[in-house]
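Novice: turn this into a structure:
(4 chains)
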Protein chains: 2
Amino acid sequence: MADGPTITTIAERAGVSIASVSRVLNGLPTRQETVRKVMAAADELGYVRNAVARSLKSRRTHQVAFAMADIGNPAYLAMLREIQPVLKAAGYRLVLHSTDAVAADEIDVLHSLGERYVDGLIMSPLRVTETHLRMLATARAPVVIIGSVPDGTPVDNVRADSRTGVRLAIDHLHMLGRRRIGMVNGPLDTVPGAARGAAYREALAAVGLPYEEKLVEIGDFYRAEGRRAVETLLRRVPDIDALMCANDLIALGALDVLRAAGKRVPQDVAVVGMDDTDLAAASWPSLTSVSLGSAERGKAAAELLLDRLQHGDREPRLVTVLPRLVVRASTAGEGSEGGRSS
Amino acid sequence: MADGPTITTIAERAGVSIASVSRVLNGLPTRQETVRKVMAAADELGYVRNAVARSLKSRRTHQVAFAMADIGNPAYLAMLREIQPVLKAAGYRLVLHSTDAVAADEIDVLHSLGERYVDGLIMSPLRVTETHLRMLATARAPVVIIGSVPDGTPVDNVRADSRTGVRLAIDHLHMLGRRRIGMVNGPLDTVPGAARGAAYREALAAVGLPYEEKLVEIGDFYRAEGRRAVETLLRRVPDIDALMCANDLIALGALDVLRAAGKRVPQDVAVVGMDDTDLAAASWPSLTSVSLGSAERGKAAAELLLDRLQHGDREPRLVTVLPRLVVRASTAGEGSEGGRSS
DNA sequence: CCACACACCGTAAACGTTTACAGTGACTTT
DNA sequence: AAAGTCACTGTAAACGTTTACGGTGTGTGG
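Specialist: Sure, this is the predicted structure:
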């Protein structure tokens, strides 16, 4: 209720100056007797340091922001889960922004760095525009970008290698004998969408399969969109035998549609997701998925940022996280029919 | 690089006092000419208000904290997803804490309210101890608790009604003809664990079934723990015909074990989860689950807090969110065998 | 021509810290 | 006993805002 005690209150009660109080509270060398008096007064008053005043003076807030494109996407949540403890361990609080994949909101976050309510920012933009780059160049606090950014951009950067990731998946499908491998992608003007689309084409070439327009369908990175896209694709190519999905949500949509269409997974159609979210392990048949290391990327980003906050200027660094194919039932299992045995 | 501009910089460049600058920036009545000069200077310098200094003066940070017990639990994430946009719309930033269900961490968060880096707190403690209550009574900023709290505690409170929730599930199972309905619960010393355990007992009585010790197994709210618990339970009561699980993760563990044991779901054993997380819809068979309205609770909590921040003291309020049974395949579907038809 | 009202503006204090600097007293050294 | 050293402490400025208060200059009314 009443206004909380400040160092002035303590100083009065302990009969010393505010400077002494501050010194005691910060553990600077002080006479025992003074320490005792100050501590006693602070305890009795239930004093707690005012973080705002402290930040104003020290120019450090001990807060870091994480701006994610979509708070509903499990891949970002996986990053969040790793980022949070790393920051916490280093004594930083986490301010969370969800930009709903709206570029203007991302710019806003970048702009608000000038308000200095955080010491740094981790951001994972879906699209990187000219404005992004301009703001990054003049940002008033260190920024780490998760996701690809043009070479030479002066920020710490953590990347997934979706190219290799898609390659792993296509190799796997090819080795299983699949030859009509479709792709269900998200919007091509997003960073992941573009990268995954190109990687698919490349990976097909690498195993000697032709790229066919009709095998590709574009939707968005959501389950319902995935369903819609797969329905279209299935109508166009009824004998498709594998689906490379640009994320797990799309893949779940694919499973829905395939089940409804009476296709067995993986016997008739093998399905691969991407991001290896919790959902992949929860679904049934469980979903083979390309892990792009969301967790590792989050962790790496947090560590890069902390490092920069502590050591200031050094060359921008680039960390690339290696993908991993997590094989589960949707490509190599006994499939929708066989769950009961074993 | 260089220190950012402050109102002093602007004042110099515009040839006015800092008071005028402040007035212009805050839209207080000022002569047109002055407004023009200040705005021009601010634009040229790329001025951005310092949020920390502003907070120090205004005693408002426009930040709100959300302390969740477990950042890995989808139920909390569902709350987070609702809380974030509500706060954002009202101009507040979100500071995220994960307490890992450690009481000491929760106390810490409560204590740190004294640091005044947030204007309010939404907290969802797993256990509510004496210390919690003491700190709540003297908290230096408004707190909203999601979860039950003793009557008369002077905080805004949002509750689920797990009693009715469990009741809905048991009724449903009973109506489907199940008579050996087991329960897989989490620790009884947690708020949800205790509530759900008691509710199970009560709901059985309501449909005229006896409560039997052997039908209950205690684990923890994780999938692996759920697996372990269900294995034990299945060994003890091989002909069990339904499982009421205290959350979705446990239920997924149950599905794993049942599948491995060759039991069909729902024909042999019906399974009900709780919290109705994304996982429930993703699993296969999809999981019947009691929604305790995580999303609604998050939203309500955020709204209660905003209301209190704006209107100060009024009676503490209690919002109870009604549960809903979401029936899916794990109780009423065609089951593990039948997915292909339709 | 003076008094007054009014609109606008500048000075300075305040928010709660941290910290440079100077001051005090006790103790050592010669 | 004077000078110097040292450990500790207090005064005051600073961080970047907001805002109460008083001052200035213009225009109006008597």
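
Novice: roughly how far does the residue of the stretch 201-342 of chain A at minimum distance from chain B sit from B:Ala282?
Specialist: With C-beta to the nearest C-beta as the measure, A:Trp284 is the residue of the stretch 201-342 of chain A nearest to chain B, at 3.3 Å. Just so you know, the C-beta spots here come from the backbone N, C-alpha and C atoms, and that holds for glycine as well. The span separating A:Trp284 from B:Ala282 equals 9 Å under the rule C-beta to C-beta, to the nearest Å.

Novice: tell me the pLDDT at the residue of the stretch 201-342 of chain A closest to chain B?
Specialist: On pLDDT, A:Trp284 comes in at 81.

Novice: what does A:Asp100 give?
Specialist: Looking at A:Asp100, its pLDDT stands at 87.

Novice: next one: A:Ala251
Specialist: Model confidence at A:Ala251, given as pLDDT, is 97.

Novice: show the subsequent helix or strand relative to the helix or strand harbouring it.
Specialist: A:Ala251 is part of helix A:248-260, with elements assigned from DSSP states H and E. Downstream of helix A:248-260, the first helix or strand assigned by DSSP H and E is strand A:270-274.

Novice: close to chain B, is whatever helix or strand comes next after that following strand?
Specialist: Counting by DSSP H and E, the next helix or strand C-terminal to strand A:270-274 is helix A:278-282. Yes. Helix A:278-282 is in contact with chain B by C-beta under 8 Å from any C-beta of the partner chain, via A:Asp278, A:Leu279, A:Ala282.

Novice: can I get the residues you listed in TSV including neighbour count and distance to B:Glu130?
Specialist: Below are the residues of helix A:278-282 next to chain B laid out as TSV (neighbours: other C-beta atoms under 10 Å in any protein chain shown; distance: C-beta to C-beta, whole Å):
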residue	neighbour count	distance to B:Glu130
A:Asp278	21	35
A:Leu279	25	40
A:Ala282	27	38
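
Novice: got CSV for those residues, with distance to DNA strand C too?
Specialist: Formatted as CSV, the residues of helix A:278-282 next to chain B follow (distance: C-beta to the nearest atom of the strand, whole Å):
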residue, distance to DNA strand C
A:Asp278, 42
A:Leu279, 46
A:Ala282, 47
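
Novice: switch these over to a markdown table; also include distance to B:Arg163.
Specialist: Supplementary listing: those in a markdown table, determined by distance: C-beta to C-beta, whole Å:
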| residue | distance to B:Arg163 |
| --- | --- |
| A:Asp278 | 29 |
| A:Leu279 | 30 |
| A:Ala282 | 27 |
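
Novice: in three-state terms, label A:Leu94 for me.
Specialist: Here A:Leu94 is strand, with the state taken from DSSP: H, G, I helix; E, B strand; the rest coil.

Novice: which residues does it contact?
Specialist: A:Leu94 sits next to A:Gln63, A:Val64, A:Ala65, A:Phe66, A:Ile83, A:Gln84, A:Leu87, A:Lys88, B:Val95, B:Leu96, B:His97 when contact means C-beta atoms under 8 Å, 6 or more residues apart in numbering or on different chains.

Novice: ranges for the helices of the stretch 151-300 of chain A?
Specialist: Taking DSSP state H, counting those that start in this stretch, the helices of the stretch 151-300 of chain A run over residues A:162-175, A:191-206, A:223-236, A:248-260, A:278-282, A:294-311.

Novice: for chain A, name the helix or strand with the lowest mean pLDDT.
Specialist: Between all helices and strands in chain A, the lowest mean by mean pLDDT, DSSP states H and E belongs to helix A:278-282, at a mean of 90.

Novice: pretty sure A:Leu121 is in a strand, no?
Specialist: Yes. Counting by three-state DSSP, A:Leu121 is found in a strand.

Novice: that one is in contact with A:Leu113, isn't it?
Specialist: Yes. In this structure, A:Leu121 is within contact of A:Leu113 by C-beta atoms under 8 Å, at 6.0 Å.

Novice: so how far is B:Val86 from the closest residue to DNA strand D within the stretch 51-200 of chain A?
Specialist: Closest to DNA strand D within the stretch 51-200 of chain A is A:Lys57: 3.6 Å, counting by C-beta to the nearest atom of the strand. Distance, A:Lys57 to B:Val86, by C-beta to C-beta: 33 Å.

Novice: who has more neighbours, the two?
Specialist: Counted by other C-beta atoms under 10 Å in any protein chain shown, A:Lys57 and B:Val86 do not tie: B:Val86 has more neighbours, with 19 against 10.

Novice: so between A:Leu121 and A:Leu113, which is more surrounded?
Specialist: Comparing A:Leu121 with A:Leu113 by other C-beta under 10 Å, the one with more neighbours is A:Leu121, at 24 against 21.

Novice: let me know the pLDDT of that one.
Specialist: Note on A:Leu121: pLDDT of 98.

Novice: which phi and psi does the closest residue in space to A:Asp189 that isn't next to it in sequence have?
Specialist: The spatial neighbour of A:Asp189 that comes closest, neighbours along the chain excluded (C-beta to C-beta, 6 or more residues apart in numbering or on different chains), is A:Arg127 at 6.4 Å. Main-chain dihedrals, A:Arg127, degrees, to the nearest 10: phi -130, psi 140.

Novice: can you flag the weakest of the helices of the stretch 151-300 of chain A by average pLDDT?
Specialist: helix A:278-282 (a mean of 90).
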